[in-house]
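> Sequence isn't available, so here's the structure alone:
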């Protein structure tokens, strides 16, 4: 089964590789569009489907799209637009619980296109972050390409606890995605 990851995220590629999935990367080049008025779960699924549809139209096969957001107090926190934005986001998350939601979409089928979308929600509790930890982390450049301005895998003392799927917080709920791919392979 030819699987195409419609994402340039090195974290998603690493997670799929570690899970033993044979895939190729063909990132969506379309400008992301989704209705920001949608609830966060539907918003992530919509973006994941948009990416998957774009790549499926060009390639066929089995295409996996995904999108991850951080939600604090009902507000979606995307990737930071500047170092100042990253600092502000990290200060807002400090000592608090938030949710990480990854929506994913798998599109497959040649004679009859089939679409499966779903999402996974994980809770994350942050440590109280000192200004020096925030400054060091932002200066590292690591927060700049990540939703919520952080990566749980980055090796900084940011996260106190993950409630639910760790791989979801990293960017792809591997167990759920593997379940869908296995069902497709078995002729679902």
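Structure's in. What do you need? Predicted, not measured: the structure shown is a model, and the values here were computed from it.
> Only C-alpha atoms from now on, for both contacts and neighbour counts.
Noted.
> Under a three-state scheme, what state does residue 153 occupy?
Following DSSP: H, G, I helix; E, B strand; the rest coil, we place residue 153 in the helix state.
> Give the burial count for it, as a bare number.
Burial of residue 153, expressed as a neighbour count using other C-alpha atoms under 10 Å, amounts to 13.
> what sits against it?
Residue 153 sits next to residue 170 when contact means C-alpha atoms under 8 Å, 6 or more residues apart in numbering.
> Tell me where this structure is predicted with low confidence.
Regions of the chain meeting the criterion pLDDT under 70 cover residues 34, 188.
> In it, mark out all the strands, start to finish.
3-5, 23-25, 62-72, 75-77, 97-108, 114-126, 159-163 (DSSP state E).
> Out of these, which is closest to residue 37?
When the strands of the chain are ranked by distance to residue 37, counting by C-alpha to C-alpha, first place goes to strand 75-77 at 10.4 Å.
> Each with direction, which strands does the closest one pair with?
Each strand that pairs with strand 75-77, with its direction, by DSSP bridges: strand 62-72 (antiparallel).
> May I ask you to confirm that residue 87 is in contact with residue 132?
No: here residue 87 lies out of contact with residue 132, judged by C-alpha atoms under 8 Å, at a distance of 10.9 Å.
> more crowded one of these two?
Between residue 87 and residue 132, residue 87 has the larger neighbour count (other C-alpha under 10 Å), namely 19 against 9.
> Show the contacting residues for the more buried one.
Under the criterion of C-alpha under 8 Å, 6+ apart, the contact partners of residue 87 comprise 134, 135, 138.
> surely the first one meets residue 89?
Read that as residue 134. No: in this structure, residue 134 is not within contact of residue 89 by C-alpha under 8 Å, at 9.9 Å.
> Regarding this structure, what is its longest helix?
helix 40-59 (DSSP state H).
> Show me what counts as buried in that helix.
If you call a residue buried by 16 or more other C-alpha atoms under 10 Å, then helix 40-59 has these buried ones: 40-56.
> Check stretch 8-15 too.
Neighbour-count burial for stretch 8-15, counted by 16+ other C-alpha under 10 Å, picks out 9, 11, 12, 13, 15.
> what does stretch 177-187 give?
Across stretch 177-187, burial judged by 16+ other C-alpha under 10 Å covers 177, 180, 181, 184.
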